[in-house]
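model the following, please.
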Amino acid sequence: MARYTGPKNRICRIFGEPILGSGKSLKKNSFPPGQHGNSRKRKSTSEYAIQLKEKQKAKYTYGVLEKQFRNTYEEANRMKGATGENLIRLLEARLDNTVYRMGIAPTRPAARQLVSHKHVMVNGHIVNIPSYRLKPGDVIELKPNSKANTDLTAMVGAKDNKINWLEFNEGQMKGTYVAHPERESVPENIKEQLIVELYSK
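Numbers count the residues shown, from 1 in each chain. I've put the predicted structure just below:
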């Protein structure tokens with residue numbers, strides 16, 4: 001199963017945002033990584049580089065590699081409506097992302113691990129595919145044995161109230177994917193139109 005396993009702080013410094021991890025390193029070094037640090041002369045960024053960087057940011061944020069991201073974009077392009085907004089909806093509908101959004105796991109990589117290790121059920125059935133696409137009305141919960149595991153339940157936190165397309169009962173470790181999110185409700189700082197422009201070339 002392909003996933004990024006490199007240094008997370010370096011990725012945070014490239015984009016200047018805590019897209020992986022806590023972003024503590026940004027308080028010490030907010031400039032991009034590389035030899036000579038902040039004194040390095042950097043060339044002006046081209047339009048293509050800006051678009052590519054935005055795509056890379058989305059890939060790292062949701063933990064998706066190039067082939068799967070491209071397939072998701074092509075599916076979003078076939079759907080009705082704005083392609084960029086469709087792309088964000090499809091990424092948000094991933095099971096690992098939803099487990100993270102509900103607060104069952106503290107990070108997306110942790111949510112991916114929970115799913116891969118068969119701790120998560122969808123509509124009463126165990127699903128171990130992180131990219132599993134959820135539909136409105138799907139019920140997500142930890143399996144009974146996992147609910148009794150104090151190491152897992154200790155990670156559970158409160159769901160962000162801004163995530164209004166999900167419902168989660170912390171006591172039951174159970175939630176519902178109510179609807180596909182509207183773009184303005186998704187808090188990620190991603191300019192999806194730049195990604196559309198990049199793939200449209």
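
tell me if residue 171 really is in a helix.
No. According to DSSP: H, G, I helix; E, B strand; the rest coil, residue 171 belongs to no helix; its state is coil.

which residues does residue 128 contact?
115-118, 120 (CB atoms under 8 Å, 6 or more residues apart in numbering). Placement of C-beta: from N, CA and C, glycine included.

next one: residue 124
residue 139.

how about 10 Å then?
139, 141, 143 (CB atoms under 10 Å, 6 or more residues apart in numbering).

of the residues you listed, which is the nearest to residue 174?
residue 141 (3.9 Å; CB to CB).

roughly how far does the closest one sit from residue 46?
Noted for residue 141: a distance of 47 Å to residue 46, by CB to CB, to the nearest Å.

switch the contacts of residue 128 over to CSV; also include distance to residue 159.
Conversion of the contacts of residue 128 to CSV gives the following (distance: CB to CB, whole Å):
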residue, distance to residue 159
115, 17
116, 22
117, 22
118, 23
120, 16
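
which among the residues you listed end up buried?
115, 120 (16 or more other CB atoms under 10 Å).

right, and the helix or strand after the helix of greatest length in the chain?
Criterion DSSP state H: the longest helix present in the chain is helix 47-62. Next along the chain after helix 47-62, taking DSSP states H and E as the criterion, comes helix 66-78.

C-terminal to that following helix, what's the next element?
helix 83-92.
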